[in-house]
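*Asks:* Here is a sequence with its predicted model. Questions after.
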Amino acid sequence: MRVAVLGAGSWGTTLAILLHLNGHEVTLYEFYKDYAKKLIKTRVNDLYLPEAVIPKEIVITHSLDDACINKNMIVLAIPTQFLRGILSKMKKYDFHDTTFVSVAKGIEKGTLLTVAEIIKDELPHVTDDYIGAISGPSHAEEVCKKLPTAVVAASSSIATAEEIQATFITSYFRVYSCTDIKGVELGGALKNVIAIAAGIADGANFGDNTKAAIMTRGIAEISRLGLELGASRQTFAGLSGMGDLIVTCMSKHSRNRYVGEQIGKGKKLKEVLQSMKMVAEGVETCRSVHELSAKLHVETPIANAVYRVLFDEKDPVKATYDLMARDIRPEKEF
């Protein structure tokens, strides 16, 4: 297949290499022209994935024409908050037989849309049958080392989900298929907010009990909000729900957990974000979750506490103990 990966961050670079090794003809699009030239020359992504060499057969470009024209599949590895700007430049292309695959994990601020919904909003001629997503516990740093990883490919069309599955699956990258694209996208996005909470617990030295409580009650919040938005309950018990939540809350590679950890240690959000090269999608998604939960009247106490810590500068230790002091109640699954 002729596949373009838009976004040469750590995940985009990793997937471009994986797709090349799977026998596909791959083009990797980098937004910044100077950095694209550097990647072409060095074949090493020093900023985001220095441990991997980009094979010479992968075409690296700054041109959207080169990336978008005559492709069977376009993989969107651009952070959610920047995606619309790229898609708006792609309206002129003919995508009548091109499958779009989102690998971003966020909810757009303001619109409160998932990536699949942003695609349809900007490219209305692309139908649901040609839109999919890949999500699950899959840090780029491990996939590029070919460590065993399992994810899920989702689309409202089972044929498209299976096409994505067949395109990406390898001996070390196992891909399942699913038709609940809404649940898969929401699981991937919302777990980033809970991972910030888990990181806060790490930074404040609360311990394993606290983190386990955050993760367990966090998946309950994700599920409540997801079900209200039309997702399937079963999806949140799978790879894109609980699976992704576990790895993002526990891993040293997690940007969102790192943000929370630094804030738990007493740093301010602006200071933390300025020190990072990569985007932590959970920060802006936290704003969206705060708005969505209020709009839909869904209880998300952990996400709301994270919002107050990030944007109202509430003391993270007090925010944690305030959660403990909520009204007593029976445990409910969701």
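*Replies:* That came through, no problem. Numbering: from 1, shown residues only.
*Asks:* who touches the residue nearest to Ser88 when sequence neighbours are not counted in this structure?
*Replies:* Leaving out its chain neighbours, the residue that sits closest to Ser88 by C-beta to C-beta, 6 or more residues apart in numbering is Glu122, at 5.7 Å. No exception for glycine: its C-beta is placed from N, CA and C like everyone else's. By C-beta atoms under 8 Å, 6 or more residues apart in numbering, the contact list for Glu122 reads 84, 87-88, 90-91.
*Asks:* before we move on, what about Tyr35?
*Replies:* Applying C-beta under 8 Å, 6+ apart, one finds that Tyr35 lies in contact with 8, 47.
*Asks:* roughly how far out does stretch 322-334 sit from the chain middle?
*Replies:* In this view, stretch 322-334 has its centroid 28 Å away from the chain centroid, taken as C-alpha atoms, centre = their mean, to the nearest Å.
*Asks:* and it, what's its mean pLDDT?
*Replies:* Mean per-residue pLDDT for stretch 322-334: 86.
*Asks:* got the buried residues for it?
*Replies:* Leu323 (16 or more other C-beta atoms under 10 Å).
*Asks:* do stretch 163-180 as well
*Replies:* Residues of stretch 163-180 classed as buried: 163-165, 167-169, 173-180 (neighbour count, 16+ other C-beta under 10 Å).
*Asks:* which one among these gets closest to Tyr307?
*Replies:* Asp180 (26.4 Å; C-beta to C-beta).
*Asks:* Am I right that the closest one is in contact with Ala237?
*Replies:* No - counting by C-beta atoms under 8 Å, Asp180 sits too far from Ala237 to count as a contact (11.7 Å).
*Asks:* What segments of the stretch 101-250 of the chain are helices?
*Replies:* Along the stretch 101-250 of the chain, the stretches classed as helices by DSSP state H, counting those that start in this stretch are 115-122, 140-143, 158-168, 181-203, 208-228, 244-250.
*Asks:* how about JSON lines for the ones you listed, with mean pLDDT and distance to Ser275 added?
*Replies:* Below are these laid out as JSON lines (pLDDT from 0 to 100; distance: least, C-beta to C-beta, whole Å):
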{"stretch": "helix 115-122", "mean pLDDT": "98", "distance to Ser275": "27"}
{"stretch": "helix 140-143", "mean pLDDT": "96", "distance to Ser275": "19"}
{"stretch": "helix 158-168", "mean pLDDT": "98", "distance to Ser275": "33"}
{"stretch": "helix 181-203", "mean pLDDT": "97", "distance to Ser275": "14"}
{"stretch": "helix 208-228", "mean pLDDT": "97", "distance to Ser275": "23"}
{"stretch": "helix 244-250", "mean pLDDT": "97", "distance to Ser275": "19"}
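*Asks:* so which of the ones you listed is the most packed in?
*Replies:* The highest mean neighbour count among the helices of the stretch 101-250 of the chain, using mean count of other C-beta atoms under 10 Å, belongs to helix 181-203: a mean of 29.
*Asks:* got the CA positions of it in CSV?
*Replies:* Written as CSV, here are the backbone C-alpha positions of helix 181-203 (Å, rounded to 0.1, in the frame of the first residue of the first chain):
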residue,chain,number,x,y,z
ILE,A,181,-14.5,4.0,17.2
LYS,A,182,-16.1,6.4,19.6
GLY,A,183,-15.2,4.3,22.6
VAL,A,184,-11.7,3.6,21.3
GLU,A,185,-11.0,7.4,20.8
LEU,A,186,-12.5,8.4,24.1
GLY,A,187,-10.6,5.8,26.0
GLY,A,188,-7.3,6.9,24.5
ALA,A,189,-8.0,10.6,25.2
LEU,A,190,-9.6,10.5,28.6
LYS,A,191,-7.0,8.2,30.2
ASN,A,192,-4.4,11.0,29.7
VAL,A,193,-6.3,13.1,32.2
ILE,A,194,-6.3,10.3,34.8
ALA,A,195,-2.6,9.7,34.1
ILE,A,196,-1.9,13.3,35.1
ALA,A,197,-3.7,12.5,38.4
ALA,A,198,-1.6,9.4,38.8
GLY,A,199,1.5,11.4,38.2
ILE,A,200,0.5,13.9,40.8
ALA,A,201,0.2,11.0,43.3
ASP,A,202,3.8,10.0,42.3
GLY,A,203,5.1,13.5,42.7
